[in-house]
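Q: Using only what follows, build the 3D model:
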Amino acid sequence: MKLELTSTGYLHISAEEAARFPTGTVIVLVRGEELWLMPMSHSGAGGLLLKIRNSHGDRSVFVQDLLPEGVPPGFRDAVWDDRFGAIRIPLLRSRTTA
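A: Just a heads-up that it's a prediction; the model follows:
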């Protein structure tokens with residue numbers, strides 16, 4: 001899957017991928033050289049809000065404050081990891097663009 005990290009610090013997620021987060025909230029962690037998004041079990045538990053971007057249901061989440069210095073904006077080749085129940089996104093930009 002392709003996800004975009006914008007120059008304003010938002011991570012854009014398609015509606016199809018956002019369906020993995022039914023409460024509309026996520027845990028965001030930096031693990032090594034990856035950003036991980038994990039679903040919250042219920043919205044009252046906290047986490048970051050997935051904002052609705054458009055009528056298609058695409059979402060975005062503000063992650064700028066969590067990123068290490070020097071992470072460039074751009075598209076990323078992300079994967080869903082069943083073992084950890086997380087979308088894993090490399091912090092370095094993918095070589096291809098969407």
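Q: From the centre of this structure, point out the most distant residue.
A: Computed with Cα atoms, centre = their mean, the residue of the chain farthest from its C-alpha average is G44, at 19.7 Å.
Q: in this protein, what spans have low per-residue confidence?
A: Applying pLDDT under 70 to the chain picks out residues 94-98.
Q: could you pull out the strands for it?
A: With DSSP state E as the criterion, the chain has strands at 2-5, 10-13, 25-31, 34-39, 48-49, 51-52, 59-62, 74-77, 79-81, 86-90.
Q: Now render those as a markdown table, adding mean neighbour count and distance to A19.
A: The way it works is simple: take the backbone N, C-alpha and C, and place the C-beta from them, glycine included. Shown next, in a markdown table, are those (neighbours: other Cβ atoms under 10 Å; distance: least, Cβ to Cβ, whole Å):
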| stretch | mean neighbour count | distance to A19 |
| --- | --- | --- |
| strand 2-5 | 18 | 14 |
| strand 10-13 | 22 | 10 |
| strand 25-31 | 17 | 13 |
| strand 34-39 | 20 | 10 |
| strand 48-49 | 16 | 16 |
| strand 51-52 | 13 | 13 |
| strand 59-62 | 20 | 10 |
| strand 74-77 | 17 | 19 |
| strand 79-81 | 13 | 11 |
| strand 86-90 | 21 | 12 |
